[in-house]
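**Q** Give me a 3D structure for the following:
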Amino acid sequence: MQLDLMQTWTVGDRIGEGGFGRVYAVTAGARSAVAKLIPKAPGAERELLFLDLPGVRNVVPIIDSGETADHWVLVMPRAEKSLRQLLDEANGPLAPPDSLTILSDVAETLNDLAPRVVHQDLKPENVLQLDGKWCLADFGISRYADAATAPNTQKYAWSLPYAAPERWRGIRASTATDIYSLGVIAYELLAAALPFPGPRVHDFRDQHLHSSPHPLTSVSPALVTLVEECLYKPPEARPSPCQVLTRLRRLRESAPSPGLEALQAANRVEVARRSEDARLESERQSEAAHGKALFDSGLQAFERIRRTLRDAVLEAAPSARLWDQAHVGWSIRLKDASLRFSEAKRVAANSWDSHDHPGFAVVAVAKLSVVAARRRSRYEGRSHSLWYCDAQQAEQYGWFETAFMDHPIRRIHSSMAPFALQPGRRAGEALRSSLASVMVAWPFTLLDSTDLTEFVERWASWLADGAQGRLDHAREMPERPPDGTWRSE
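**A** Have a look, this model is predicted:
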């Protein structure tokens, strides 16, 4: 059998099957490739949306295309192997460095596709090794992210072990859906087992919606944390492709500090418990339940941030005294200065007046401060707000550090400067108008719970200044340019 396209291809053995069609070995002279024959059925033409994806790394290219009477045809280079074949050959977990290489290649592709294209069927069978890179193939049920859902999108054509909770609820797929599937693949690489093993359809559905996977072992805490965050039930709580790629690169390029790795490992039991609670919350569909699931997911990252700062300070200053009060927070006192970190509190839906709402959603808040003995200037210290919100990208939640200040025209010399604010009228005015009595004094800064070096160093330095009587008003306010670090409606 021959295929007359731009070139003439001789069809050989059948070697596989994709979401919509069958795959055959083909040759054109001395050139070997594979051809996918896609039956001319409703919805199958969606394959042809992806003949070319300019600027997208690690995608199996289309080298020829056309049609027969009954099929559309796509011709692609023949890959060395699929990720499924690699897993079968390994007969056990892959080494973390090998897993990081594979995951980084796929994350590059998802980052380049986002937010325009959603693959929707990411699984090891569709990840192919080509020219030394792990490339994404089989866009059979992919769609442009902003396309209307059509009746022929093959709604249930996705692979059950890799399907995100929103797929089971019939909710529109997004880039976060692919991140969840990447989390399943990452777990499978590191554990040689699926996080949600099924085996029947209703088992898969129940596990994806309500269950927690067995904790990963023999893997660095930072990588475990990333996999867990990719598997969060609420899609908004999952990291973006850019964040995943950045964290994977960091894990590949540098070893974690022994202190931070030990701290993360010690925190695993508590994280697993909170993660299970958050996942169970996804069973409920009301707005309140969705907010609770987001809050629980955010609380896991928040506890890592608090523990990292607390342990680093106590390790550096063992003579400091710690007070930890349930439902309030902890305080570390060194001489006449205190570092105080509150508990995270969920934000009520009515915290903002309608005209003061900043244009992004705040799920939870906390307060971090350094307070020292008052000097002649009456300066007491500084406090910052930590908001769990989607300040920079819609429905992409994280913990952001920020702070506020009185407008210079008021000539007020507050004893706390800058200072923290809860969501409400004053904070809303600062975020919406440069003419308000209060201004943003610190840029909205996303805290990565797996790399808090700068954050820890800064607060440790301010505590040291307070303990030595050197804590004073900043020479210039705002200390860092805040404009453009949050989004507005």
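**Q** only C-alpha atoms for contact and neighbour calcs from this point on.
**A** Fine.
**Q** Where do the helices of the stretch 301-450 of the chain begin and end?
**A** Here the stretch 301-450 of the chain has its helices, by DSSP state H, counting those that start in this stretch, at 425-432.
**Q** which regions of the stretch 101-250 of the chain sit below the pLDDT cut-off?
**A** Applying pLDDT under 70 to the stretch 101-250 of the chain picks out residues 140-157.
**Q** Could you export stretch 305-323 as PDB, CA atoms only?
**A** Taking C-alpha atoms only, stretch 305-323 is exported to PDB below (Å, rounded to 0.1, in the frame of the first residue of the first chain):
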ATOM      1  CA  ILE A 305       7.100  28.900  54.800                       C
ATOM      2  CA  ARG A 306       6.600  29.400  58.500                       C
ATOM      3  CA  ARG A 307       8.600  26.300  59.500                       C
ATOM      4  CA  THR A 308      11.500  27.200  57.200                       C
ATOM      5  CA  LEU A 309      11.800  30.800  58.700                       C
ATOM      6  CA  ARG A 310      11.300  29.600  62.300                       C
ATOM      7  CA  ASP A 311      13.900  26.800  62.100                       C
ATOM      8  CA  ALA A 312      16.400  28.900  60.300                       C
ATOM      9  CA  VAL A 313      16.200  31.700  62.900                       C
ATOM     10  CA  LEU A 314      16.400  29.300  65.800                       C
ATOM     11  CA  GLU A 315      19.300  27.500  64.300                       C
ATOM     12  CA  ALA A 316      21.200  30.800  63.800                       C
ATOM     13  CA  ALA A 317      20.300  32.200  67.200                       C
ATOM     14  CA  PRO A 318      19.900  29.300  69.700                       C
ATOM     15  CA  SER A 319      19.600  31.800  72.600                       C
ATOM     16  CA  ALA A 320      16.400  33.200  71.200                       C
ATOM     17  CA  ARG A 321      13.200  32.200  72.900                       C
ATOM     18  CA  LEU A 322      10.200  30.800  71.100                       C
ATOM     19  CA  TRP A 323       6.500  31.200  72.000                       C
END
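**Q** Any chance you could list what contacts that stretch?
**A** Outside of stretch 305-323, the residues within contact range by CA atoms under 8 Å, 6 or more residues apart in numbering are 260, 263, 330-335, 341, 449, 452, 456, 460.
**Q** which stretch of helix or strand covers residue 134?
**A** Applying DSSP states H and E as the criterion places residue 134 in strand 133-136.
**Q** and that strand, how far from the chain's centre?
**A** Computed by CA atoms, centre = their mean, to the nearest Å, the chain-centroid distance of strand 133-136 equals 21 Å.
**Q** Against which helices or strands is it packed?
**A** Using 3 or more CA pairs under 8 Å, 6 or more residues apart in numbering; DSSP states H and E as the contact test, the elements touching strand 133-136 are helix 96-113, strand 127-130.
**Q** Mind giving me the packing neighbours of the first one?
**A** Meaning helix 96-113. With contacts taken as 3+ CA pairs under 8 Å, 6+ apart, helix 96-113 sits against strand 133-136, helix 175-191, helix 241-253.
**Q** what sits up against the shortest one?
**A** Applying CA under 8 Å, 6+ apart, the set of residues contacting strand 133-136 from outside is 58, 59, 60, 102, 105, 106, 109, 126, 127, 128, 129.
**Q** what two of these are the furthest from one another?
**A** 60 and 102 (14.8 Å; CA to CA).
**Q** out of the two, which sits in the more crowded spot?
**A** residue 60 (23 against 20; other CA atoms under 10 Å).
**Q** Hmm, residue 131 and the more buried one touching each other?
**A** No: contact status for residue 60 versus residue 131: not in contact, 10.2 Å apart, counting by CA atoms under 8 Å.
**Q** thinking again about what came up before, CSV please, covering the helices and strands packed on helix 96-113 and showing mean neighbour count and distance to residue 211.
**A** Below are the helices and strands packed on helix 96-113 laid out as CSV (neighbours: other CA atoms under 10 Å; distance: least, CA to CA, whole Å):
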stretch, mean neighbour count, distance to residue 211
strand 133-136, 24, 28
helix 175-191, 25, 13
helix 241-253, 17, 23
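**Q** As a markdown table, those with distance to residue 162 would be great.
**A** What follows is these, written out as a markdown table (distance: least, CA to CA, whole Å):
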| stretch | distance to residue 162 |
| --- | --- |
| strand 133-136 | 15 |
| helix 175-191 | 5 |
| helix 241-253 | 17 |
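**Q** Quick check: residue 370 touching residue 462?
**A** Yes: with contact taken as CA under 8 Å, residue 370 and residue 462 are classed as touching, separated by 6.9 Å.
**Q** Give me the more crowded residue out of those two.
**A** Applying other CA under 10 Å to residue 370 and residue 462 shows that residue 370 carries more neighbours, namely 27 against 23.
**Q** and the more buried one, bridged to which residues?
**A** In this structure, residue 370 bridges to residue 339, residue 382 when assessed by DSSP bridges.
**Q** OK, contacts around it?
**A** Taking CA under 8 Å, 6+ apart, we find residue 370 in contact with 337, 338, 339, 340, 381, 382, 383, 459, 462, 463, 466.
**Q** Just the buried subset of the contacts of strand 133-136, written out for ChimeraX, thanks.
**A** The following ChimeraX line selects those of the contacts of strand 133-136 that are buried, judged by 16 or more other CA atoms under 10 Å:
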select :58,59,60,102,105,106,109,126,127,128,129
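**Q** need the contacts of strand 133-136 in CSV with distance to residue 178, can you?
**A** Shown next, in CSV, are the contacts of strand 133-136 (distance: CA to CA, whole Å):
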residue, distance to residue 178
58, 15
59, 15
60, 17
102, 15
105, 14
106, 10
109, 11
126, 13
127, 13
128, 17
129, 19
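**Q** any idea which of the contacts of strand 133-136 is closest to residue 414?
**A** residue 109 (49.4 Å).
**Q** Which residues are in contact with that closest one?
**A** 56, 57, 58, 59, 135, 136.
**Q** mind running it again at 10 Å?
**A** Under the criterion of CA atoms under 10 Å, 6 or more residues apart in numbering, the contact partners of residue 109 comprise 55, 56, 57, 58, 59, 103, 134, 135, 136, 241, 245.
**Q** which of those sit farthest apart?
**A** Of all pairs drawn from those, the widest gap by CA to CA lies between 55 and 103 and measures 19.0 Å.
**Q** quick one: which of these two has more around it?
**A** Between residue 55 and residue 103, counting by other CA under 10 Å, residue 103 is the more crowded of the two (22 against 10).
**Q** and the spatially closest residue to that one that is not a sequence neighbour, what does it touch?
**A** The shortest distance from residue 103 to any non-neighbouring residue, by CA to CA, 6 or more residues apart in numbering, is to residue 186 (6.9 Å). Each residue near residue 186 by CA under 10 Å, 6+ apart is listed here: 94, 96, 99-100, 102-103, 180, 192, 194-195, 223-224, 226-228, 230.
**Q** Please apply the same query to residue 353.
**A** When the contact criterion is CA under 10 Å, 6+ apart, the partners of residue 353 are 423, 424, 425, 428.
**Q** returning to that earlier point: compare the contacts of stretch 305-323 and tell me which is most surrounded.
**A** Within the contacts of stretch 305-323, neighbour counts (other CA under 10 Å) peak at residue 341, which reaches 23 neighbours.
**Q** Check whether that one really touches residue 365, as I assumed.
**A** No: under the criterion of CA atoms under 10 Å, residue 341 lies out of contact with residue 365, with a separation of 11.3 Å.
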